[in-house]
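Quick one, fold the following:
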Amino acid sequence: MDVTGSINNEECVESVENEEDADYSEERELVNDSCSTKVLDTCEEPRDRYCLVYILFYLFGVTSLVPWNFLITANDYWMYKFREVTPNNVTMFVRKTQFQAEFTSYLNVATAIPNLIFLILNSLYGHLVPVKTRLQGSLVVVTLAFLVTTSFVQVDTDEWQNTFFIITMVTVVIMTAASAVFIGGLVGIASRFSKEYMAAVISGQSLGGIIAAVAQIISLAFKISPLHSALIYFCIADIMVIASFLSYVLLYKIDFFTYHILRGSGGMATNRHREVSMLLILKKIWVYAFSIFAVFGISMAVYPAVTVLVESHPVTSGTDWNNIFFVPVVNYLIFNCGDYAGRLVAGFLLRPNNQWVIAGASVLRIIGIPMLMLCNAQPRKHLPVVFPWDYEYILIMIVFAFTNGYLTNIIMINSTRAVEPHEREKASSVAAALLSAGLSAGAAAGLLLVRLL
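Alright, predicted model coming up:
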């Protein structure tokens, strides 16, 4: 995948002179580290040989949601850690403890709030910190936080569950805040490249959910204990984050990457350092911002709060499909595969282009909320079950997931094309912040929808 283009000689000379006169710390740091000073002097755009930068962007997309995907997948581990035990560490088979019943809700709060706050902060003040520092620093923090989480897997915490709960929540908050900074910086960098690279980041995020779901299903199929399965999940996450950190360092040795960081996808460095008005950007992309908010607000209103309650048809009662695999396969694997397929297709098709059509399609997805609520979600007191069969639920889930991924990719790509080149990084950060706001609003709505079942 090559991104080709040209810049005339006069522009090249002018850009080099301006960069020599101005104190652009980020560019100087990048040039010193990469030893790619020739990038500043050439008018010929380097190529992405072997699609290496594209592949690494995919990896970064996967890594950006690693904390959420692997923490939520390890549900059996958290239930084991917070089970009821006697003073002699003998497990008591009773109803769920308070920690078990409330852990997922606390986990959602510990991820949603810092994610939203730090994405907003990144969109407002991220330009004050060099992008290289932001991304490398955030990956270091995520790595350390996940290593702490991994280290507790083999530690007996039965005698101090309260303390372990507090440590876990604090670690999740720190991890999520760092991930938000990484995501904000990542989409900002991707906005300086052609649309394929933004698509790689967005698609990679969905691929991470598939990896986590497959790991969960394999652990269930081989009846791996909650402790061992969690250790596998967290070790995979550790490896991916560390690999991303090392890969990001490697990127600064690649001329193709350096070229776009310096010149900003066709915009000169001088343009990128112009004053960027947040109000002006919002005026240009508010329809896309509303659309991404609607897409994720609608999705999170029922996924996973309502969908995790859907059970297989009663005819499968007593089977492994019903008791073990139905929720992991349909709720996690199929949803993530549908979402990933939508993002892949959008990356190639990129239709529609009209922002109002995109906004209309985003709002139209609201029909999926009542359809999923009318599936066989249990327990229920108010609504009837209209779609009891597994195939009906699976078809609804596939369409709901596909449209989520498809519209996400289209919105994120088009929102950065609706502004000037030097405004793209800020625009992508604003879109990411509105995406997070949609997640938070949808999660809050999900608590109410569950009560309407």
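
What's the separation between residue 218 and residue 224?
Going from residue 218 to residue 224 by Cβ to Cβ, to the nearest Å gives 8 Å. To be clear about C-beta, it is placed using only N, CA and C from the backbone, and glycine gets the same treatment.

distance between the helix or strand harbouring residue 185 and the chain's centre?
Counting by DSSP states H and E, the secondary-structure element that holds residue 185 is helix 161-190. Mean C-alpha position of helix 161-190 versus that of the full chain (Cα atoms, centre = their mean, to the nearest Å) differs by 12 Å.

Let's test this: mean pLDDT of that helix, rounded?
When pLDDT is averaged over helix 161-190, the result is 92.

low-scoring pLDDT stretches of this protein, where are they?
Within the chain, the stretches with pLDDT under 70 are 1-43, 86-96, 263-276.

cutoff 50 now
Counting by pLDDT under 50, the chain contains low-confidence residues at 1-24, 27, 31, 33-37, 93, 265-273.

Ramachandran coordinates for residue 375?
phi -80, psi -180 (degrees, to the nearest 10).

Same check on the one 5 residues further on?
When quoted as degrees, to the nearest 10, the phi and psi of residue 380 stand at phi -140, psi 150.

distance of it from residue 450?
Using Cβ to Cβ, which is the criterion applied here, residue 380 is 10 Å from residue 450.

again with residue 117
25 Å.

and if you look at residue 79?
19 Å.

List the residues that contact the residue nearest the centre of the chain.
Geometric centre of the chain, nearest residue: residue 65, 4.1 Å, by Cα atoms, centre = their mean. Shown in contact with residue 65 (Cβ atoms under 8 Å, 6 or more residues apart in numbering): 179, 183, 205, 208-209.

Please repeat the previous calculation with a cut-off of 6 Å.
Listed by Cβ atoms under 6 Å, 6 or more residues apart in numbering, the contact set of residue 65 reads 205, 208.

repeat for residue 79
For residue 79, the contacting residues are residue 100, by Cβ under 6 Å, 6+ apart.

which other residues reach whatever helix or strand residue 361 lives in?
Here residue 361 is covered by helix 355-364, with elements defined by DSSP H and E. Contacts of helix 355-364 with the rest of the structure, by Cβ under 6 Å, 6+ apart, involve 287, 291, 294-295, 407.

redo that, cut-off 10 Å
Contacts to helix 355-364, defined as Cβ atoms under 10 Å, 6 or more residues apart in numbering, come from residues 285-288, 290-298, 351-352, 354, 403-404, 406-408, 410-411, 414-415, 418, 438.

Any chance of a PyMOL selection covering the buried ones in those residues?
Listed next is the PyMOL selection for buried residues among these, using 16 or more other Cβ atoms under 10 Å:
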select buried, resi 285+286+287+288+290+291+292+293+294+295+296+297+298+403+404+406+407+408+410+411+414+415+418+438
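
do you know how far the residue nearest to residue 383 when sequence neighbours are not counted is from residue 332?
In space, and not counting its chain neighbours, residue 383 is closest to residue 453: 5.7 Å by Cβ to Cβ, 6 or more residues apart in numbering. When distances are taken as Cβ to Cβ, residue 453 and residue 332 turn out to be 20 Å apart.

more crowded one of these two?
Neighbours were tallied for residue 453 and for residue 332 using other Cβ atoms under 10 Å; the higher tally belongs to residue 332 (24 against 16).

Secondary structure class of the more buried one, three-state.
At residue 332, secondary structure determined by DSSP: H, G, I helix; E, B strand; the rest coil is helix.

Which residues are in contact with the nearest residue to it once chain neighbours are set aside?
Leaving aside its sequence neighbours, residue 332 sits nearest to residue 213 (Cβ to Cβ, 6+ apart; 3.9 Å). Applying Cβ under 10 Å, 6+ apart, one finds that residue 213 lies in contact with 69, 73, 328-329, 331-337.

closest to residue 250 among those?
Using Cβ to Cβ, residue 69 comes nearest to residue 250 of the contacts of residue 213, at 24.0 Å.

Between helix 161-190 and the strand or helix carrying the closest one, find me the angle.
Under DSSP H and E, the secondary-structure element containing residue 69 is helix 66-73. Using axes from the mean of the first three to the mean of the last three Cα atoms, to 10 degrees, the inter-axis angle of helix 66-73 relative to helix 161-190 is 140 degrees.
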